[in-house]
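Novice: Quick check, what structure comes out for this input:
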Amino acid sequence: MSARSAMPLMAADLVDPQATSDPVRVHEDEGSGLEKRAELLRALQRGVAEELSRVGDGLCRTDREELCRHLIAAALQRHAAERVGSGISPMDIQEERVLAEAVWARMFGMAGLQVLIDDPDIENININGFDQVWLKYSDGSKVRGPSVADSDAELVEIVRMAARHLGMAERRFDAASPELDLRLPSGHRLSAAMEITERPVISVRRHRLVDVTLDDLVQLGTMDTVLASCLAAAVRARKNIVVAGPMNAGKTTMLRALASEIPARERIVTIEQSLELGLDKLTGRHPDVVAMEAREANSEGEGEITMARLLRRALRMDADRVIVGEVLGDEILNMLNAMSQGRSGSMCTIHADSSAGVFRRMASYAVQAAERLPLEATNLLIAGAIHLVVYVSLFDEALDVRGIPGAVDMSGDSTIWRSDVGDRKSSSTLRRVVTSVREVVDADGAMVVSNEVWRPAGAIGVVPGAPLRTETYEDLLAHGFQPPAPGDHQGDDPGGGGVAVGPRRRSSFR
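Specialist: Model prediction:
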């Protein structure tokens, strides 16, 4: 919850300011500068955090937030009394409110990061130390940002506070646990590291589209109406679907859009390394969702809950569908078993360099599992579990060759990432489009046999490729697939009719 959406009570709002012990005593001289104000802020936050830890242990998040509001208000009122007792005028209401918001942001927000998180135009925030901040905007530009803390130590403390209060369970971020993945209340995904890097490193990713449908992606140019109709029918027909692509291509958003076609009556279990999908928050669309999150071991090496373990648990939870946010390792075998053992209609995402490369990536993950399945057995499992692979690509229209980066122009007061053809800031150049759809047919020894029913057509997306199998095509028709009438367009329709497939609008999602 950000400082904007949950403002702490002011000192004047507190009914009984003496109800708790004094968490902080800080004297501030008249006319003190920014350094004194920063010291006051740190002391207030430290005192409130200590008091909250003492009296708020065992409370749910909502009750802890409410208690924190009262503690902040009480601390500010005591500080005002101290100033008056020392002959110093108290802060005015606006100063007090700003200070209260800052303490709140440090406790249940992200302190100096919060203003960047609240900016709807920023997609990625990358921090390589408190004063090395890079911002990636939705239009593709990359800009040097302001410092988000006064020191690396303070930056670590901001992340540490978020780890304590913002996840499903309290997490550590220290030398013994130097890595952290966390979903913020705003829906952003935070990844942080310390000790294993020279300076603390933080990456924050915004998902611009959360409650999203396939029709929304058609409007954004990610696919055309025919492909959207086909994918919607595939979900309703309970086909198992893998969404693949490179980093930042929009796999999670595509997964959300596909999930929007799941009937509201169905029970969904989502499994993620760190919560990100957010289907459980869309109660109007998905009223019966259980969101499960993996957990790392504690400092004693106990309490670890792996993705594979969560998948086994999901099979005992009467789930109509199991959705894995991102397959990252040996949980692949549990997922494939879930898909092939009565949990049809399940979905997941995976990193891959092509739609055909998905099968190689799955095989490489499967060999990491304790079962050590041979390649042939893994491919049989894949062929029996997966029906469709949807591949999403990220294109930059400012570049002649996909994947070639631009140059960094260090001139001027701010640093803007520029492409070879000029400043990206002027207009959006990034496009996220579906560039391949494969139907899995069978396994043949060391190969998974598949047909590319929509094939790449550059930045425009896809055009029809091989035909769908007859039984698949008829099943999709029975679940609402609406192919164009024969002769409407040039090309080979996967079902036999003609259709030209290819989005023509820009897309910006993740």
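Novice: Show me this structure divided up by domain.
Specialist: The record's domain parsing of the chain by automatic domain parsing lists 11-108, 114-205, 214-478.
Novice: so can I have TSV of these showing mean neighbour count and mean pLDDT?
Specialist: C-beta here means a position set from N, CA and C on the backbone, and glycine is covered the same way. Converted to TSV, the domains of the chain look like this (neighbours: other Cβ atoms under 10 Å; pLDDT from 0 to 100):
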stretch	mean neighbour count	mean pLDDT
domain 11-108	17	70
domain 114-205	18	86
domain 214-478	19	83
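Novice: any chance of those in JSON lines, with distance to residue 484 too?
Specialist: Formatted as JSON lines, those follow (distance: least, Cβ to Cβ, whole Å):
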{"stretch": "domain 11-108", "distance to residue 484": "50"}
{"stretch": "domain 114-205", "distance to residue 484": "32"}
{"stretch": "domain 214-478", "distance to residue 484": "6"}
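Novice: now residue 273, nearest residue through space, not along the chain?
Specialist: Spatially, and ignoring its direct neighbours in sequence, residue 273 is nearest to residue 294 (5.1 Å; Cβ to Cβ, 6 or more residues apart in numbering).
Novice: Spit out the contact partners of the one you found.
Specialist: Applying Cβ atoms under 8 Å, 6 or more residues apart in numbering to residue 294 gives the contacts 271, 272, 273, 274, 305, 306, 307, 310.
Novice: residue boundaries of the helices in the protein?
Specialist: For the chain, the helices defined by DSSP state H cover 34-55, 61-85, 93-108, 114-117, 152-165, 214-219, 225-236, 251-259, 307-314, 332-340, 357-366, 375-385, 470-478.
Novice: Compare those helices and give me the one nearest residue 450.
Specialist: helix 357-366 (7.5 Å; Cβ to Cβ).
Novice: Now do the closest one against helix 332-340, angle only.
Specialist: Computed by axes from the mean of the first three to the mean of the last three Cα atoms, to 10 degrees, the angle separating helix 357-366 from helix 332-340 equals 120 degrees.
Novice: quick check, nearest of the contacts of residue 294 to residue 127?
Specialist: Distances from residue 127 to those, taken by Cβ to Cβ, are shortest for residue 274, at 17.7 Å.
Novice: Any figure for the gap between that closest one and residue 208?
Specialist: Going from residue 274 to residue 208 by Cβ to Cβ, to the nearest Å gives 18 Å.
Novice: thought residue 479 was touching residue 233?
Specialist: Yes. Contact criterion Cβ atoms under 8 Å: residue 479 and residue 233 qualify, at 4.4 Å.
Novice: Residue 280 touches residue 293, doesn't it?
Specialist: No. Between residue 280 and residue 293 there is no contact under Cβ under 8 Å: 10.8 Å.
Novice: pLDDT at residue 501, what is it?
Specialist: As predicted, residue 501 sits at a pLDDT of 36.
Novice: Please apply the same query to residue 213.
Specialist: 95.
Novice: hang on, it packs against residue 257?
Specialist: Yes. At 5.7 Å, residue 213 counts as touching residue 257 under the criterion of Cβ under 8 Å.
Novice: Give the pairing partners of the biggest strand by length in the chain; include direction for each.
Specialist: Using DSSP state E to define each element, the chain has its longest strand at strand 430-444. Strand pairing for strand 430-444, using DSSP bridges, gives strand 388-396 (antiparallel), strand 447-456 (antiparallel).
Novice: just how off-centre is the first one within its chain?
Specialist: Averaging C-alpha positions (Cα atoms, centre = their mean, to the nearest Å) puts strand 388-396 18 Å from its chain's average.
Novice: mind starting the numbering at 314 from now?
Specialist: Taking 314 as the first residue, the last one we looked at is strand 701-709.
Novice: Can you pull out the residues in contact with that strand?
Specialist: Under Cβ under 8 Å, 6+ apart, the answer for strand 701-709 is 453, 535, 544, 547, 552-559, 561-564, 567, 571, 665, 667-668, 671, 715, 732, 742-753, 763, 769, 772.
Novice: go again using 6 Å as the cut-off
Specialist: For strand 701-709, the surrounding residues in contact (Cβ atoms under 6 Å, 6 or more residues apart in numbering) are 547, 552, 554-558, 561-564, 567, 668, 671, 742-745, 747-752, 772.
Novice: correct me, but residue 672 touches residue 760?
Specialist: No. If you go by Cβ atoms under 6 Å, residue 672 and residue 760 don't touch, sitting 8.0 Å apart.
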